[in-house]
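Q: I'd like to go over a predicted model; first the sequence, then the structure.
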Amino acid sequence: MNEKAAVLALAALAQEARLRIFRALIGAGPAGLTPSSLAAMLGLTGSNLSFHLKELVHADLITVEREGRQLFYRPHLGHMNGLVDYLVDHCCQGQDCTPSPKRARSRATSCG
């Protein structure tokens, strides 16, 4: 992933309705959801939902596929994983920063 694609994806997610849509689609997984299902689930009007879906498709965070008369929106998991990889690419200057179980427990008990 390059910087321009990362900025486009992050900008698309930096809006409450689009973030809710994306999270709903992540929850649905590869099966995806129809616009009517998404609208009912999230309480969005059809035109509002359509606008936000278009932005998420443009950012390559979701895909749309027609099956018969229905449209199915699905998360583009490869692109999402690429975004996460891009964001953490230089984490800890290349060192393994995965917390050990001991450090993870001490953080959990010391955080308020």
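A: Perfect, I can see it now.
Q: and the most centrally placed residue in the chain, what pLDDT?
A: Most central in the chain under C-alpha atoms, centre = their mean is F22, positioned 4.9 Å from the mean C-alpha point. Note on F22: pLDDT of 98.
Q: dump the residue contacts of it.
A: Neighbouring residues of F22 by C-beta atoms under 8 Å, 6 or more residues apart in numbering: 13, 56, 61-62, 75. Bear in mind the C-beta positions are built from the backbone N, C-alpha and C, glycine included.
Q: ok, of these, which one's closest to P99?
A: L13 (25.9 Å; C-beta to C-beta).
Q: is it true that the closest one touches L61?
A: Yes. Judged on C-beta atoms under 8 Å, L13 makes contact with L61 at a distance of 7.1 Å.
Q: Who has more neighbours out of the two?
A: Set L13 next to L61 and count neighbours by other C-beta atoms under 10 Å: L61 wins out with 24 against 19.
Q: any idea how far that one is from L25?
A: According to C-beta to C-beta, to the nearest Å, L61 stands 9 Å off from L25.
Q: Tell me the residues that contact both of these two, please.
A: P75.
Q: State the helix or strand in which the residue nearest to the centre of the chain lies.
A: Using DSSP states H and E, F22 falls within helix 16-28.
Q: What residues of that helix count as buried?
A: For helix 16-28, the buried set under the neighbour-count rule, 16 or more other C-beta atoms under 10 Å, comprises 17-18, 20-22, 24-25, 28.
Q: What of stretch 78-98?
A: 79-80, 82-83, 86.
Q: Export these as JSON lines, with columns for pLDDT.
A: Output for those, formatted as JSON lines (pLDDT from 0 to 100):
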{"residue": "H79", "pLDDT": "94"}
{"residue": "M80", "pLDDT": "94"}
{"residue": "G82", "pLDDT": "95"}
{"residue": "L83", "pLDDT": "95"}
{"residue": "Y86", "pLDDT": "92"}
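Q: I'm done for today, thanks for sticking with me.
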